[in-house]
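K.L.:
Test case, fold it:
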Amino acid sequence: MSRNYLEFEVKKERWNSYLLSDGVTLNLKVVLTNVTLEGKDQLGNPQFGFQMNNVIGMRLPPEWTQLPKEDDIPIKKVTDDWNEYTTNNGYLLKFKPVISQIGRTGTNDPMGNPIYLIQTQPLIKVSKI
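P.N.:
Numbering: from 1, shown residues only. All right, here's what the predicted structure looks like:
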């Protein structure tokens with residue numbers, strides 16, 4: 001299958017921050033890795049394909065102690081922004097993650113950080129420049 005890859009330029013990539021009720025701050029960024037032009041819709045608008053990765057980091061509060069498994073941890077505060085990219089065919093692409101659920105597994109990674117299960121979906125906006 002032949003793919004029509006588009007070149008793109010990063011205009012802005014920001015970390016989005018989520019303060020959880022257990023005191024941990026999660027930092028999340030949606031990073032665009034590939035854009036393809038898949039054709040046009042019935043109105044002649046371009047149809048894009050996107051490949052992206054979530055990059056996640058965390059900061060533990062100084063008083064952190066291991067907590068048990070929890071399936072739905074409330075988010076106390078969100079600081080978010082759109083990541084922006086421009087394509088070589090004249091479009092502005094904007095991406096922002098939306099978290100629908102965060103769960104804590106009750107186990108830690110090799111560095112002692114708690115392991116979370118995060119369900120996220122990107123919001124996508126496309127506009128002609």
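K.L.:
And the closest residue in space to N88 that isn't next to it in sequence, what's its pLDDT?
P.N.:
Spatial nearest neighbour of N88, chain neighbours left out: E7 (4.2 Å); criterion: C-beta to C-beta, 6 or more residues apart in numbering. To be clear about C-beta, it is placed using only N, CA and C from the backbone, and glycine gets the same treatment. What the model reports as pLDDT for E7 is 97.
K.L.:
Next, work out how far apart E7 and E70 are.
P.N.:
E7 is 43 Å from E70, where distance means C-beta to C-beta, to the nearest Å.
K.L.:
Compare the two and say which is more crowded by neighbours.
P.N.:
E70 (16 against 9; other C-beta atoms under 10 Å).
K.L.:
isn't the more buried one right up against Q101?
P.N.:
No - assessed by C-beta atoms under 8 Å, E70 is found out of contact with Q101, at 11.0 Å.
K.L.:
Just want the most central residue of the protein.
P.N.:
V30 (3.1 Å; C-alpha atoms, centre = their mean).
K.L.:
Direction included, what does whichever strand or helix holds that one pair against?
P.N.:
Using DSSP states H and E, V30 sits in strand 25-40. Sheet pairing here is set by DSSP bridges, and for strand 25-40 it gives strand 5-6 (antiparallel), strand 16-20 (antiparallel), strand 46-59 (antiparallel).
K.L.:
Make JSON lines from these and add mean neighbour count to it.
P.N.:
What follows is the strands paired with strand 25-40, written out as JSON lines (neighbours: other C-beta atoms under 10 Å):
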{"stretch": "strand 5-6", "mean neighbour count": "16"}
{"stretch": "strand 16-20", "mean neighbour count": "19"}
{"stretch": "strand 46-59", "mean neighbour count": "14"}
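K.L.:
Between these, which one is closest to P74.
P.N.:
strand 16-20 (7.3 Å; C-beta to C-beta).
K.L.:
For the closest one, which outside residues touch it?
P.N.:
The set of residues external to strand 16-20 that reach it, using C-beta atoms under 8 Å, 6 or more residues apart in numbering, is 25-29, 73-81, 96-97, 99, 102.
K.L.:
Can you tell me which of the residues you listed are buried?
P.N.:
Among the contacts of strand 16-20, those classed as buried by 16 or more other C-beta atoms under 10 Å are T25, L26, L28, K29, I73, K96, P97, I99, I102.
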